[in-house]
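K.L.:
Fold the following.
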Amino acid sequence: MELSPYAQGGWRLLGDPRRFPRRPFAALLRAAFRSLLDDPQAALDDPDLKDIDPTVLKHCHAAAAMCILEAGKQKADISAISTCLEDCKLDKERIEQFCTEYQKNKDALEILLGSIGRSPLHITDVSWRLEYQIKNNQLHKTYQPSYLVTLNVENSDSESHPDVSFSCTMEQLQDLVGKLKDAAKSLERATQM
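P.N.:
Presented below is the predicted three-dimensional model:
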């Protein structure tokens, strides 16, 4: 099992007992599983997490969620999870705590991942708008333009057609458009053969 550098950085923060003492660590694990399996909106409202820096908290929550999903996707066993978390400098107690929580929620996670379906989504339309952010949620002035992009998609496995929305900078949008053009060219060459 392998995690992205961003997720590994989050787990290194989670492994630091000065940043995440025992109770906040356990609360964050519960919140990560709860946000994936039960209620995405009630993720970080635990009182044990109130003293953690919000930026660090969000980073670590995302890292925990990525690890949970990756373990579920690969149907990883405890030794694979332990090895991955050892590489991120977690101590044995925290690794065991994560593995216990994972085992408790493994069946529900497999059901969730199985419900996503096997066929990829098909993009039917794209809409976008320019947003200009003046301040962030810490009230710091940012003055950053960003694009809000919505992909209208359909899934051949189900009746519902969820929209996929995301926000990105101009550079990220240009990168996405370039990669899509490269993919279209590759597909075009493959069909000509």
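
K.L.:
any chance you could map the helices in this protein?
P.N.:
Listed from the start of the chain, the chain has helices (DSSP state H) covering 5-14, 22-37, 54-74, 78-87, 92-115, 170-192.

K.L.:
Let me have the ones you listed in CSV, adding mean pLDDT as columns.
P.N.:
Below are those laid out as CSV (pLDDT from 0 to 100):
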stretch, mean pLDDT
helix 5-14, 89
helix 22-37, 88
helix 54-74, 89
helix 78-87, 89
helix 92-115, 88
helix 170-192, 87
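
K.L.:
With respect to Glu131, which of those helices lies nearest?
P.N.:
Nearest of those to Glu131, taken as Cβ to Cβ: helix 170-192 at 11.6 Å. All C-beta spots, glycine's among them, are computed from the backbone N, C-alpha and C.

K.L.:
got a list of contacts for that closest one?
P.N.:
Outside helix 170-192, the residues that touch it by Cβ atoms under 8 Å, 6 or more residues apart in numbering are Pro145, Ser146, Tyr147, Val149, Cys168.

K.L.:
wait, which of the residues you listed is closest to Gln103?
P.N.:
Looking at the contacts of helix 170-192 and their distance to Gln103, the nearest is Cys168, at 36.7 Å (Cβ to Cβ).
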